[in-house]
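S.K.: what follows is a protein structure lacking sequence information:
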């Protein structure tokens, strides 16, 4: 059965364009869409990188140092809710309406944050930003599926990776300069006109994308589930920051809320990595969890164990970002290589990179080898993440692409938060003298490497599942088709 017949939807722009080899993501058909998408990604990424730099100054001025973690948690919890809202909007009203809602909400959060006069208002503004950011994150994937034919998607996701790398390289430095010379509020307010520019480029190009045929109106239960899952993530993060008698209780509550919230939001079989779409979404969680768990620990390890300055300790993260971008660009030029093969290679490179960071905890060895090992981990992400994005769009029918893209993003966020939480517990145990810091690092490396190796083992399941013959269709008809 053909893809169009399987989904029962009308063709998108990506299906109508010429299939000539000259076509690309910046050709006449796609250039406005691509430019708008990349601008939105760049500015949302810059804000996410820059806010950590501006946050100490912001909370000090707002007399909210005791609330320091809340702006981060508020964004995280709200983004899970926004992902579900974005998926529902995309499936019910189309990509143009969803992106307009996401960008408008994100801009409203920026404005409220830049004008906040009290810490409570600032936290609320970060939550509004999170809802908008979650909607945008999902809509990007839906637009990629509707506006670009399959042969162009590896190149598009390579461009997406590049749009994230630039803010990773210059975002913290630029935010520091803005905070020092103009004030922390301009880290938020200064992005507003740039978001508007990206939206102005993108919306006219998406005029053709209305609601997919066959889409059904979502119920409110999914949104309540998203709030429950987000609250579970926040509870687990909070539990990981403390080692007292209350921490296990908070952790149990968090796990219960997270499991109950995720059950309706993820495809059935995701936890078991059932072949097909569930394995694609599960692999996204494994890949993100392993990488970002170690990404959070590595600078601390270099600072505490080797006396590196914050700037020097951040160099491996830059190496990882560059490796991610290089590998992503390479895979974009190799559409002939099976995505499942690239995914397995990505997991293996990630496992090697994470395992290599164990060297930072070995007494007598220098910390600089992590500059190389984390670049290897970045190569793994550059192969794995775009490959998973391509597999998602191949296997998700258009009338469910919004919901499936939301599940994809939710798996990323929740797995990352869980792995960072595990790292936080181990670090907290070292500060309480239950472990030495080198032992905590080695334990974290072992756990995160094992996660990457499990992903490599499960990677073949992310390919499309074998077709199951319909007993109502004669075998001769199947062979003819």
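M.R.: Cool, got the structure. None of these values were measured; they are calculated from a predicted model.

S.K.: excluding its backbone neighbours, what's nearest residue 151?
M.R.: residue 335 (5.7 Å; Cβ to Cβ, 6 or more residues apart in numbering). For the C-beta atoms, the positions are set from N, CA and C on the backbone; glycine is no exception.

S.K.: and that neighbour, its phi and psi?
M.R.: Main-chain torsions, residue 335, degrees, to the nearest 10: phi -70, psi -10.

S.K.: for burial, what's the neighbour tally of it?
M.R.: 14 (other Cβ atoms under 10 Å).

S.K.: so it touches residue 156, yeah?
M.R.: No - between residue 335 and residue 156 there is no contact under Cβ atoms under 8 Å: 11.4 Å.

S.K.: buried stuff in whichever strand or helix holds residue 249?
M.R.: Using DSSP states H and E, residue 249 sits in helix 246-262. If you call a residue buried by 16 or more other Cβ atoms under 10 Å, then helix 246-262 has these buried ones: 247, 250, 251, 253, 254, 257, 258, 261, 262.

S.K.: would you mind giving these as TSV with pLDDT added?
M.R.: What follows is the buried residues of helix 246-262, written out as TSV (pLDDT from 0 to 100):
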residue	pLDDT
247	76
250	85
251	82
253	89
254	86
257	89
258	87
261	86
262	86
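
S.K.: greatest separation within those: which pair is it?
M.R.: 247 and 262 (21.8 Å; Cβ to Cβ).

S.K.: map the structural domains onto the sequence of this structure.
M.R.: 27-208, 218-265, 267-464 (automatic domain parsing).

S.K.: lowest average confidence across the ones you listed, which one?
M.R.: Of all the domains of the chain, domain 218-265 carries the lowest average pLDDT, namely a mean of 79.

S.K.: mind checking the SS state of residue 158?
M.R.: Per DSSP: H, G, I helix; E, B strand; the rest coil, the secondary structure class of residue 158 is helix.

S.K.: I'd say it and residue 326 touch.
M.R.: No - Residue 158 lies out of contact with residue 326 (Cβ under 8 Å); the separation is 9.8 Å.

S.K.: ok, the two, which is more surrounded?
M.R.: residue 158 (22 against 18).

S.K.: so what's that one up against?
M.R.: 328, 329, 331, 332, 333, 386 (Cβ atoms under 8 Å, 6 or more residues apart in numbering).

S.K.: tell me which residues touch the first one, please.
M.R.: When the contact criterion is Cβ under 8 Å, 6+ apart, the partners of residue 328 are 157, 158, 160, 161, 162, 382, 383, 385, 386.

S.K.: quick one: contacts of stretch 456-464?
M.R.: Counting by Cβ under 8 Å, 6+ apart, 273-276, 279-280, 282-283, 286, 338-340, 343-344, 347-348, 351, 388, 391, 394-395 sit against stretch 456-464.

S.K.: now, of the residues you listed, which are buried?
M.R.: 273, 275-276, 279-280, 282-283, 286, 339-340, 343-344, 347-348, 351, 388, 391, 394-395.

S.K.: how close does residue 410 get to residue 179?
M.R.: Distance, residue 410 to residue 179, by Cβ to Cβ, to the nearest Å: 32 Å.

S.K.: the two: which has the busier surroundings?
M.R.: Between residue 410 and residue 179, residue 410 has the larger neighbour count (other Cβ under 10 Å), namely 29 against 20.

S.K.: ok, back up a step: will you turn the contacts of residue 328 into CSV that also has distance to residue 60?
M.R.: Shown next, in CSV, are the contacts of residue 328 (distance: Cβ to Cβ, whole Å):
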residue, distance to residue 60
157, 39
158, 40
160, 35
161, 35
162, 35
382, 37
383, 42
385, 36
386, 40
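
S.K.: among those residues, which one lies nearest to residue 204?
M.R.: Residue 204 lies nearest to residue 160 out of these, by Cβ to Cβ, at 20.8 Å.

S.K.: surely the closest one and residue 140 touch.
M.R.: Yes - Residue 160 is in contact with residue 140 according to Cβ under 8 Å; the separation is 7.3 Å.

S.K.: what's next to the helix holding residue 249, contact-wise?
M.R.: Counting by Cβ under 8 Å, 6+ apart, 225-236, 238-240, 242, 410, 414 sit against helix 246-262.

S.K.: and what of stretch 112-126?
M.R.: Here stretch 112-126 has contacts from 58-59, 62-64, 67, 70-72, 74-75, 78, 109-110, 128-129, 185-189, using Cβ under 8 Å, 6+ apart.

S.K.: mind doing that once more with 6 Å?
M.R.: Residues from elsewhere that reach stretch 112-126 (Cβ atoms under 6 Å, 6 or more residues apart in numbering): 62, 64, 67, 70, 71, 74, 75, 109, 185, 188, 189.

S.K.: so which of the residues you listed comes closest to residue 317?
M.R.: Of those, the one sitting nearest to residue 317 (Cβ to Cβ) turns out to be residue 75, at 19.8 Å.

S.K.: from residue 133, how far out is that closest one?
M.R.: In terms of Cβ to Cβ, residue 75 sits 7 Å off from residue 133.

S.K.: now residue 438
M.R.: From residue 438 to residue 133 the distance is 36 Å (Cβ to Cβ).

S.K.: follow-up on the earlier one: and which of the contacts of residue 158 is nearest residue 151?
M.R.: residue 332 (10.8 Å).

S.K.: tally of neighbours for the closest one?
M.R.: 23.

S.K.: in the helix or strand hosting residue 322, what counts as buried?
M.R.: Using DSSP H and E, residue 322 sits within helix 315-332. Buried positions in helix 315-332, judged by neighbour count with 16+ other Cβ under 10 Å: 315-332.

S.K.: what's the next secondary structure element after that helix?
M.R.: Heading C-terminal from helix 315-332 (DSSP H and E), you reach helix 339-356.

S.K.: now that next one, how far from the chain's geometric center?
M.R.: 18 Å (Cα atoms, centre = their mean, to the nearest Å).

S.K.: just stretch 108-122 next, same as before
M.R.: Counting by Cα atoms, centre = their mean, stretch 108-122 comes out at 25 Å from the chain centroid.

S.K.: what's the end-to-end length of it?
M.R.: With Cα to Cα, to the nearest Å as the measure, the ends of stretch 108-122 fall 12 Å from one another.

S.K.: any buried residues in it, and which?
M.R.: 108, 109, 110, 111, 112, 113, 114, 116, 119, 122.

S.K.: please apply the same query to stretch 45-52.
M.R.: Residues of stretch 45-52 classed as buried: 45, 46, 47, 48, 49, 50, 51 (neighbour count, 16+ other Cβ under 10 Å).

S.K.: now residue 194. Nearest residue, chain neighbours left out?
M.R.: residue 43 is the one closest to residue 194 (Cβ to Cβ, 6+ apart), at 4.8 Å.

S.K.: an error on my part: the question was meant for residue 108.
M.R.: residue 128 (5.6 Å).

S.K.: likewise residue 87?
M.R.: residue 406 (3.2 Å).

S.K.: now do the one you found against residue 285, distance only.
M.R.: Taking Cβ to Cβ, one finds residue 406 at 14 Å from residue 285.
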